[in-house]
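Engineer: predicted coordinates and the sequence they were generated for:
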Amino acid sequence: QQNVQQSPESLIVPEGARTSLNCTFSDSASQYFWWYRQHSGKAPKALMSIFSNGEKEEGRFTIHLNKASLHFSLHIRDSQPSDSALYLCAVNRGSALGRLHFGAGTQLIVIP
Amino acid sequence: GALVYQYPRRTICKSGTSMRMECQAVGFQATSVAWYRQSPQKTFELIALSTVNSAIKYEQNFTQEKFPISHPNLSFSSMTVLNAYLEDRGLYLCGARDPDNYEQYFGPGTRLTVL
């Protein structure tokens, strides 16, 4: 049974700061890892994904995945007020039919 | 591109009545559709996972008797909230999986208010 936990629950940072969001999972057979972002009043939308150990960078956003530690994280460089949103991590065993297991989310607020 | 539509976007119903919501995937063939509820406190709960040609799997605390789901083809799913009460309030989201990239695309949600 997959258990996905996110930390912290909420985070307030000043504009320009580096922000780190964490996600741990319990199923070592997990193969696909996503971060979703949900702006207030909108649907969650996939932000980034990673499928193998290591690091992946896209613009100001970086994902780190360490499968052995059952942990992945999202880092935001030079945080902007527009980054303020609910961030959800999601994990999947690798089947296109199977369930995506979501964490409860981290609410990020970036103050100008 | 891949899009997911949900309707209605908002609905208000009286306590004890039922309402039906729909989810449509456009631009891809969804192999599975997951229905979620996001409560006013922002808790994100999976209600059920529906896979075409397979039994619908409900999560603990959610039942077919309360949230019957229909998933007749690869682009359409509907869910009904039967006998809605205050605790059923929230944003109901459907997420449709694209088998080509494993990504789950979300619709904008149906916001349910129960009076």
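Structural biologist: Thanks, I have the structure now.

Engineer: quick one, what contacts the closest residue to residue B:84 other than its chain neighbours?
Structural biologist: The shortest distance from residue B:84 to any residue other than its chain neighbours is 4.9 Å, reached at residue B:114 (CB to CB, 6 or more residues apart in numbering or on different chains). In this view, the C-beta of every residue, glycine as well, is placed from N, C-alpha and C. Residues in contact with residue B:114 (CB atoms under 8 Å, 6 or more residues apart in numbering or on different chains) are B:12, B:13, B:14, B:15, B:84, B:85, B:86, B:88, B:89.

Engineer: what about the closest residue to residue B:20 other than its chain neighbours, neighbour count?
Structural biologist: Excluding the flanking residues, the one nearest residue B:20 by CB to CB, 6+ apart is residue B:80, at 4.5 Å. Other residues lying near residue B:80 total 14 when counted by other CB atoms under 10 Å in any protein chain shown.

Engineer: what comes up buried for the helix or strand containing residue B:80?
Structural biologist: Secondary structure from DSSP states H and E places residue B:80 in strand B:76-81. Applying a neighbour-count criterion of 16 or more other CB atoms under 10 Å in any protein chain shown, one finds B:76, B:77, B:78, B:79, B:81 buried in strand B:76-81.

Engineer: helices and strands of chain A: which one bottoms out on pLDDT?
Structural biologist: Ranked by mean pLDDT, DSSP states H and E, the helix or strand of chain A with the weakest confidence is strand A:101-102, at a mean of 89.

Engineer: how about residues contacting it?
Structural biologist: Identification of contacts with strand A:101-102 by CB under 8 Å, 6+ apart yields A:2-4, A:25, A:27, A:36, A:88-92, B:36, B:44, B:46.
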